[in-house]
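Peer 1: quick one: sequence plus predicted model below, questions after.
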Amino acid sequence: MNLNALWAYANPKKFIQTTEKVLPWVSVLAVVSLIVGLVWGFFFTPDDYRQGSTVKIIYLHVPSALMAINVWLMMLVTSLIWIVRRHHVSALAARAAAPIGAVMTVIALATGAIWGQPMWGTWWAWDPRLTSFLILFLFYLGYMALWEAIDNDDTAADLTSILCLVGSVFALLSRYAVNFWNQGLHQGASLSLDKEENVADVFWYPLLVCIAGFVLLFIALVLLRTRTEIRARRMRALLARERMG
Amino acid sequence: MGLNVSNLTIARGGVRVLEGVSFTLDPGHAIVLRGPNGIGKTTLLRTVAGLQPPVSGRVETDPDSIVYAGHSDGIKATLSVAENLQFWAQVFGETDIETAIAAFQLERLVTRPAGGLSAGQKRRLGLARLLVTGRPVWILDEPTVSLDAEAVAMFAEAVRAHLRRGGSALIATHIELGLPEAYVLEVGPYRAVAAEVDDFDEAFL
Amino acid sequence: MIALLIRDLRLAMRAGGGFGLGLAFFLIVVTLVPFGVGPQSDLLARIASGILWLGALLSCLLSLDRILALDWEDGSLDLLATAPLPMEAIVTIKALAHWLTTGLPLVLAAPVFGLLLSLPAPGYMPLVVSLLLGTPALSVIGTFGAALTVGLKRGGLLLSLLVLPLYVPILIFGAEMARRGVDGLDYTTPLLMLAGITCGTIALLPFASAAVLKVNLR
Amino acid sequence: MMPDLGKYADAVLSSYAVSLVLLMVLVWLSVRRSKRIKAQLQDIEMKVKRNG
């Protein structure tokens, strides 16, 4: 496939036309896989011998934590595309994704806190992972606030893209700084995806379905919200032209 | 070193305001831009001065030959008149501020803090800044706001002297400056034509 | 460039807000802490380095919106943008002027305020060094934030929201270095990390600030 | 039907509740805004076309 043909979808009108057809399918797939994954995980998996039934929280905690980071990465990529190629759809997709990422971060933090209470005996610990997610949440808030604060859409797109780039570097620095600052309680290996062999198959397959569900849900929401942003943008452009007569 | 603008299209807030603007400004000449409010004169001047990129078209000039003066003069209230001018002279690598002070009759005000000047005096100080920069192409947006008749004459004389030295000026204004030798450019005919509503693309219009 | 620096310093002195205000705020924070946590000197000694770092950070934050806002309002920024100075140089000078008027006085005053909070003797050296290394980065990052929010009406609060997360790594390494110094531990690692972050920030962030400022001037 | 969650029932159930509520609120807000903006845009497009 010719790579240049891909850029055609960066035309707002073409984007709306294409996503019109794709969106229902993605939405249905997302709902189905979320229901399958969560039902499978909640009703048909055994308890962990150490963590008891709290292991079921994994089906929400791990996918949302993954998405919290991946959404930011997606915003970084689309910001770069905006800076380099100046496709408006790209900048608007980043804007559309940010609230989703923020909600994912909140879910990861909330489920983490609820899970931590019985396991570690505390709702909140200044553990490196938890702290990093809190900082990530602050980055999302700042990014969204900057979008909201600026009237001119192109200016807002430029500024938020640069903030996203600079923020990514500093988020990474914070991650290392926080690790250095406190070694932490969070079990890295047994539940994280980097060492998948440590998660028994009974937990692993429903988890995979849940992750797929979260990814699909994110795609569906991003498409929907990007369409909204494109329309809102066109609306503002038309109104501005009306005013100028 | 002149200024050559060809087929320039400019936008304000994402909406095209002027398109196909072309003109040439040669050394020793002045162009006065005229047109109703909101037509895009300020945007045009800012684009020519390099503060914002054009939608399409070209501005050919040496960026180191241009000095821009907008609606506000960049005057610091706590610095004296002489300190304000000295600062801008240093930024542009010049030293002489006496000529500028004399041209706008600021002699009696040099030690006064700029915050204590009247609006017209501030404007004169802002215009005197043009002289201390030593740059040949002046780009002026409504330079005569809050000036009285005498000060307008002062300004016209300063522009005329500047043109005699081989400089040039691009001025947006509503009033008669008393510069009969200046070429008047009406920007009204360049007003951008709105595109078809249905056919929307990257510009969302 | 020197002219711009001299002008900014002169303006800070004449307006009176420059040197004095940040220091006064720092002093107030240090005075209020014992009211909040109690006057026991062993407790104060334990938290002194952290409080001093937080106080320095907050008083730095206080003056950030003035870095560019005044020059924006009176049109100086437009004129500077068309002057023969690269925008990168302008933002660097602005950050330097901010550091000289805010950061440096804080660094010099920190030992005195350390006395007030019964900072243990081995802590003074690492505290001052960490502040000396960290505060320039605070000013440079703050200039980036100020450039982002320069055209906005209610920029002040947004500026804090944008800048504070960026301050996290510097605060962590700076405070960690000071804390290790107090405990008599080896503080080479945080020292090197802090120095590295500051150098990287000073070297690279002005390009981002300049790009942002150019966008805002359009 | 309902699996035995033992002594951690509160934790498990509340984390599912919190997550699902948050996700649903996000979806609901997105859909609502999408519909509203779509309608508004249609209005404006009509108006612009009528005015020529």
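Peer 2: Thanks, I have the structure now.

Peer 1: does the residue in chain B positioned nearest to chain C count as helix, strand or coil?
Peer 2: Closest to chain C within chain B is B:Ser72: 3.0 Å, counting by CB to the nearest CB. C-beta here means a position set from N, CA and C on the backbone, and glycine is covered the same way. Of the three states, B:Ser72 takes coil under DSSP: H, G, I helix; E, B strand; the rest coil.

Peer 1: how about the residues of chain D by chain A?
Peer 2: Within chain D, the positions adjacent to chain A are D:1, D:3-9, D:11-12, D:14-16, D:18-19, D:22-23, D:26-27, D:30-31, D:33-34, D:37-38, D:40-41, D:44-45, D:47-48, D:51 by CB under 8 Å from any CB of the partner chain.

Peer 1: where does chain B dip in pLDDT?
Peer 2: B:1, B:194-205 (pLDDT under 70).

Peer 1: which bits of it sit near chain C?
Peer 2: Contact residues, chain B versus chain C (CB under 8 Å from any CB): B:46, B:49-53, B:63-64, B:66-76, B:78-79, B:83, B:87-88, B:90-93, B:129, B:133.

Peer 1: could you tell me which of those are located in helices?
Peer 2: Among those, DSSP state H puts B:Arg46, B:Glu83, B:Phe87, B:Trp88, B:Gln90, B:Val91, B:Arg129, B:Thr133 in helices.

Peer 1: extract the CA atoms of stretch C:209-218 and return them as CSV.
Peer 2: Provided in CSV are the C-alpha atoms of stretch C:209-218 (Å, rounded to 0.1, in the frame of the first residue of the first chain):
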residue,chain,number,x,y,z
SER,C,209,10.1,28.6,24.6
ALA,C,210,11.1,30.6,21.5
ALA,C,211,8.9,28.5,19.2
VAL,C,212,6.0,28.9,21.6
LEU,C,213,6.5,32.6,21.9
LYS,C,214,6.6,33.0,18.1
VAL,C,215,3.3,31.2,17.8
ASN,C,216,1.8,33.5,20.5
LEU,C,217,2.9,36.6,18.7
ARG,C,218,1.2,35.7,15.4
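
Peer 1: quick revisit: excluding covalently adjacent residues, which one is nearest to the residue of chain B closest to chain C?
Peer 2: Excluding its sequence neighbours, the residue lying closest to B:Ser72 (CB to CB, 6 or more residues apart in numbering or on different chains) is C:Gly75, at 3.0 Å.

Peer 1: okay, the one you found: pLDDT?
Peer 2: Among the per-residue scores, C:Gly75 shows a pLDDT of 84.

Peer 1: where along chain C do the helices fall?
Peer 2: Along chain C, counting by DSSP H, helices occupy C:2-15, C:17-37, C:41-62, C:66-73, C:76-81, C:87-98, C:104-116, C:124-148, C:155-182, C:188-217.

Peer 1: among those helices, which comes closest to B:Ala156?
Peer 2: B:Ala156 sits nearest to helix C:76-81 of all the helices of chain C, at 22.4 Å, using CB to CB.

Peer 1: redo the ones in helices among the residues of chain B next to chain C as CSV? Include neighbour count and distance to chain D.
Peer 2: Shown next, in CSV, are these (neighbours: other CB atoms under 10 Å in any protein chain shown; distance: CB to the nearest CB, whole Å):
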residue, neighbour count, distance to chain D
B:Arg46, 23, 28
B:Glu83, 18, 52
B:Phe87, 22, 49
B:Trp88, 27, 47
B:Gln90, 18, 52
B:Val91, 22, 47
B:Arg129, 25, 44
B:Thr133, 23, 46
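
Peer 1: so where's chain D shaky on pLDDT?
Peer 2: For chain D, counting by pLDDT under 70, the residues that fall below are D:1-5, D:52.

Peer 1: and the residue of chain D closest to chain B?
Peer 2: Proximity of chain D to chain B (CB to the nearest CB) peaks at D:Val48, 5.3 Å away.

Peer 1: you'd agree that residue is up against A:Glu242?
Peer 2: Yes - using CB atoms under 8 Å, D:Val48 makes contact with A:Glu242 at a distance of 6.6 Å.

Peer 1: buried subset of the residues of chain D next to chain A?
Peer 2: Among the residues of chain D next to chain A, those scoring as buried are D:5, D:8, D:11-12, D:15-16, D:18-19, D:22-23, D:26-27, D:30, D:33-34, D:37, D:41, D:44-45, D:48 (criterion: 16 or more other CB atoms under 10 Å in any protein chain shown).

Peer 1: neighbours of the spatially closest residue to A:Leu146 that is not a sequence neighbour, how many?
Peer 2: Distances taken as CB to CB, 6+ apart place A:Thr160 nearest to A:Leu146, at 5.3 Å, with adjacent residues excluded. As a burial measure, A:Thr160 scores 26 neighbours (other CB atoms under 10 Å in any protein chain shown).

Peer 1: what's the pLDDT at A:Thr160?
Peer 2: At A:Thr160, pLDDT is 94.

Peer 1: report the secondary structure state of it.
Peer 2: Here A:Thr160 is helix, with the state taken from three-state DSSP.

Peer 1: measure it to A:Tyr143 for me?
Peer 2: Using CB to CB, to the nearest Å, one obtains 6 Å as the distance from A:Thr160 to A:Tyr143.

Peer 1: secondary structure class for the residue nearest in space to the middle of chain B?
Peer 2: Centroid-nearest residue in chain B: B:Leu140, 1.4 Å away (criterion: CA atoms, centre = their mean). The three-state label given to B:Leu140 by three-state DSSP is strand.

Peer 1: with adjacent residues omitted, what lies nearest to it?
Peer 2: Using CB to CB, 6+ apart, the closest residue to B:Leu140 is B:Ile171 (4.6 Å).

Peer 1: drop anything exposed from the residues of chain B next to chain C.
Peer 2: Among the residues of chain B next to chain C, those buried by neighbour count (16+ other CB under 10 Å) are B:46, B:49-52, B:66-70, B:72-76, B:78-79, B:83, B:87-88, B:90-92, B:129, B:133.

Peer 1: and the closest residue to C:Leu61 other than its chain neighbours, how far is that from chain D?
Peer 2: In this structure, C:Leu61 finds its nearest non-sequential neighbour in C:Ser160, 6.0 Å apart by CB to CB, 6+ apart. In this view, C:Ser160 and chain D are 26 Å apart by CB to the nearest CB, to the nearest Å.

Peer 1: on that earlier part again, the residue nearest to B:Leu140 - that's part of a helix, no?
Peer 2: No - using three-state DSSP, the secondary structure at B:Ile171 is strand, not a helix.

Peer 1: counting neighbours, what do you get for the residue in chain C that chain B sits nearest to?
Peer 2: Minimum separation of chain C from chain B (CB to the nearest CB) falls at C:Gly75, amounting to 3.0 Å. C:Gly75 has 18 neighbours, counted by other CB under 10 Å.

Peer 1: gap between it and A:Val103?
Peer 2: 42 Å.

Peer 1: swap in C:Ala147?
Peer 2: According to CB to CB, C:Ala147 stands 30 Å off from A:Val103.

Peer 1: comparing those two, which shows the higher neighbour count?
Peer 2: Neighbour totals were compared for C:Ala147 and A:Val103, and C:Ala147 leads with 30 against 23 (other CB under 10 Å).

Peer 1: check contacts around B:Leu140.
Peer 2: B:Leu140 is in contact with B:Leu45, B:Ala69, B:Leu130, B:Ala169, B:Leu170, B:Ile171, B:Ala172, B:Thr173, counting by CB atoms under 8 Å, 6 or more residues apart in numbering or on different chains.

Peer 1: need the contact list for the second one.
Peer 2: Contacts here follow CB under 8 Å, 6+ apart; on that basis B:Ala69 touches B:Gly126, B:Leu127, B:Arg129, B:Leu130, B:Trp138, B:Ile139, B:Leu140, B:Asp141, B:Pro143, C:Leu79.

Peer 1: quick one: the helix or strand of chain C with the lowest mean pLDDT near chain B?
Peer 2: Least confident element among the helices and strands of chain C, by mean pLDDT, DSSP states H and E: helix C:2-15 (a mean of 78). Yes - for helix C:2-15, a contact with chain B is found by CB under 8 Å from any CB, at C:Ile2, C:Ala3, C:Leu4, C:Arg7, C:Arg10, C:Leu11, C:Arg14, C:Ala15.

Peer 1: fine, thanks again, bye for now.
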